[in-house]
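Visitor: Fold the following for me, if possible:
(one chain, ligands or ions: 1)
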Amino acid sequence: MKEINETQYEKMAIQWFPGHMTKARRMIGEDLKLVDAVCELLDARIPQSSRNPDIDSLTAGKPRLVVMNRCDLADPELTARWRAFFRSQGLAVLETDAKTGTGIKRFPQAVRALLRDKLAELEARGQGNRPLRVMILGIPNVGKSTFINRLAGRKAAVAGDRPGVTRGKQWITIDNSLLLLDTPGILWPRFESQEVGEALALTNAIKAEVVDRETLAANFMLRLRATRPEVLAARYKFQPAADLDGFGLLEEAGRKRGFLISGGEVDTERMANVLLNEYHEGRLGRLTLETPPEVSP
Ligand code: G4P
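Guide: Below you'll find the predicted structure:
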C-alpha cells in the first residue's frame with residue numbers, strides 16, 4: 001500500500017520551520033505579559049493532535065482554559081472523557097460548537113471562574129472594573145475566527161488563516177469586563193508522526209494538497225474498521241472483511257455506491273473524496289479519532 005511518505009510531512013513542517021516558529025514563540029512570550037489567562041481552542045475530534053506540542057511550556061504560569069470546539073462533530077462520550085482528562089491536568093474546559101454558537105455563552109463565566117483569585121486581587125486593589133484579558137490560541141482552521149466572531153456577536157476576526165502566515169494581533173472587546181487577544185495564524189500543530197499527520201489532514205487542519213487523499217482515505221478506512229466498523233455498515237452498506245487492506249475497503253465501498261469506471265473497475269479516487277467529504281460534513285456520525293489517557297477517579 002502507498003503511504004503518506006516523509007517528504008510530505010517535511011513539506012507540512014517546512015511551512016512552519018524554523019523562522020515562523022521562532023517568531024511565533026517570541027510573540028506569544030511577549031503577549032503573555034499582557035493577559036490574565038490563555039485559552040487554547042482544540043478540535044474535539046482530535047484533542048491530542050490539535051494541541052500545540054509546546055503549549056505547556058509556552059504558556060507556563062498562566063491560568064488556562066481549553067475549548068473543545070466542533071463538539072457537534074465529536075462523540076459526546078469521548079468528549080466527556082477528554083473533559084475529565086484535561087481537568088485532571090489542571091485545565092478549565094469548555095465545549096463549543098462555534099458554527100451554531102452552542103456553549104459560547106458560557107465562555108465569560110468560565111473565564112471568571114478560572115480567574116476567581118485574580119478578580120479578588122483586583123477588587124482588593126480597587127480595580128474590580130478592569131476587564132479580564134484572555135489570549136486566544138489555536139492551530140489554523142480549528143475555528144478560532146468563528147469562535148471569536150460568535151463571542152463578539154460581530155465579525156471581529158478574519159477567518160481562513162493560512163498555516164505559517166502571521167498577521168498582527170488584535171484586541172477584541174467582548175463587553176466591558178472581557179477583552180480577547182487574537183493572535184492570528186501563529187500556533188503550529190504537531191508534526192510528530194504519520195498518525196498525527198493523518199488526524200490533522202482528516203479534520204482539514206492540514207491543507208489537503210499536501211497529502212495523497214486516496215492514501216489518507218484508505219488508512220481512514222482501516223481506522224474505521226478497527227474502531228467503528230458499524231459506521232461502514234451503516235453508511236456504506238458493507239461488512240468490512242478482515243483480510244482487505246485500506247484500498248480494498250475503499251473499493252468495496254465504491255462498488256456499493258456504484259462508482260465504476262471502464263472495465264468494471266471501481267473509481268477509488270472518487271470514493272476516497274466521498275469518504276473524506278462525508279467525514280468533514282459529519283455524515284458518518286459524531287466521530288472522535290482519539291481516546292484520552294485513563295484518568296484515575
Ligand atoms: P480558524 O480561524 O481557526 O482558521 O478557523 P475558521 O473560524 O475560519 O473556521 C474554519 C471552518 O470551520 C469554517 O468553515 C467554520 O464554519 C467551521 N467551524 C468552526 N467552528 C465549528 C464548529 O464548532 N463546528 C463545525 N461543524 N464547524 C465549525 P468553512 O470556512 O465553511 O469551511 P468548512 O471547513 O466548513 O468547509
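Visitor: Enumerate the residues of this protein near the ligand.
Guide: Proximity of the chain to the ligand (C-beta under 6 Å from any ligand atom) is limited to residues 69-70, 72-73, 96-99, 138, 140-146, 159-161, 204. All C-beta spots, glycine's among them, are computed from the backbone N, C-alpha and C.
Visitor: Just the buried residues of those.
Guide: 69-70, 72-73, 96-98, 138, 140-146, 161 (16 or more other C-beta atoms under 10 Å).
Visitor: list the contacts for the closest residue to Pro63 other than its chain neighbours?
Guide: Nearest residue to Pro63, sequence neighbours excluded (C-beta to C-beta, 6 or more residues apart in numbering): Ala37, at 4.5 Å. Ala37 makes contacts with Lys62, Pro63, Arg64, Leu65, Val111, Leu114, Leu115, Leu132, Arg133, Val134, Met135, as judged by C-beta atoms under 8 Å, 6 or more residues apart in numbering.
Visitor: Go ahead and report the secondary structure state at Leu119.
Guide: helix (DSSP: H, G, I helix; E, B strand; the rest coil).
Visitor: what does Glu40 give?
Guide: strand.
Visitor: can you dump the C-alpha coordinates of stretch 50-57 into CSV?
Guide: As requested, C-alpha coordinates have been extracted for stretch 50-57 and formatted as CSV (Å, rounded to 0.1, in the frame of the first residue of the first chain):
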residue,chain,number,x,y,z
SER,A,50,-4.8,19.6,17.5
ARG,A,51,-2.9,20.7,20.6
ASN,A,52,0.2,22.7,20.1
PRO,A,53,3.1,20.4,21.3
ASP,A,54,4.8,23.2,23.2
ILE,A,55,1.7,24.9,24.7
ASP,A,56,2.5,23.8,28.2
SER,A,57,6.0,25.4,28.3
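Visitor: So what does the spatially most central residue of the chain look like in phi/psi?
Guide: Nearest to the mean C-alpha position of the chain, by C-alpha atoms, centre = their mean, lies Asp43 at 2.6 Å. Taking degrees, to the nearest 10, you get phi -90, psi 120 for the backbone angles of Asp43.
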